[in-house]
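> Sequence and predicted model, in that order:
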Amino acid sequence: MLESGCKAVKEGVLEKRSDGLLQLWKKKRCILTEEGLLLVPPKQQPPPQQQQPPLPAEPAAKIKELHFSNMKTVDCVERKGKYVYFTVVMAEGKEIDFRCAQEQGWNAAITLQMVQYKNRQAILAVRSTRQKQQHLAQP
């Protein structure tokens, strides 16, 4: 997404519930853009006292992209303690659970960007239909 020129709207850390049997919460570095949400495993940093060369960038296979075209809704499940728990529902029915500190507002930011994306797509669809109708109406 970022390669296509989309600017980052919000960056930070979200916790994602794993799909495994234990369903552990794993921290993911997240980049929210106008096109969707990128989930990047947090980079492993060597301890400061050891002078090691920097680790190579994360392989592309580990970066997960949740594109708004495949996203149906963002449901705020509950506010409990210091966390907001929310679920991203994908078009194919898959649900991805997240949590973040209440003051971070990730669920609201993701929802806002998704609505703006869907609105842009609807406007483009209407324009395309109008152009086709005008083209057909010309002699």
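Received it, and whenever you're ready, just let me know what you need.
> How far off centre is stretch 105-115?
9 Å (Cα atoms, centre = their mean, to the nearest Å).
> wait, I meant stretch 121-130
Distance of stretch 121-130 from the chain centroid (Cα atoms, centre = their mean) equals 24 Å.
> ok, K16 touching I96?
Yes. The criterion here is Cβ atoms under 8 Å, and K16 meets it with I96 at 6.7 Å. C-betas here are computed from N, CA, C, even on glycine.
> For E15, list the residues it contacts.
Residues in contact with E15 (Cβ atoms under 8 Å, 6 or more residues apart in numbering) are W25, K26, K27, K28, F98, R99, C100.
> Go through those and name the one nearest M114.
F98 (13.7 Å; Cβ to Cβ).
> Just list whatever residues bridge to the residue nearest the centre of the chain.
Central residue of the chain (Cα atoms, centre = their mean): L37, 1.7 Å from the mean position. With DSSP bridges as the criterion, L37 is bridged to L32, L66.
> Check the burial of I63 by counting its neighbours.
16 (other Cβ atoms under 10 Å).
> quick one: it and L39 touch, right?
Yes. Using Cβ under 8 Å, I63 is in contact with L39, at 7.0 Å.
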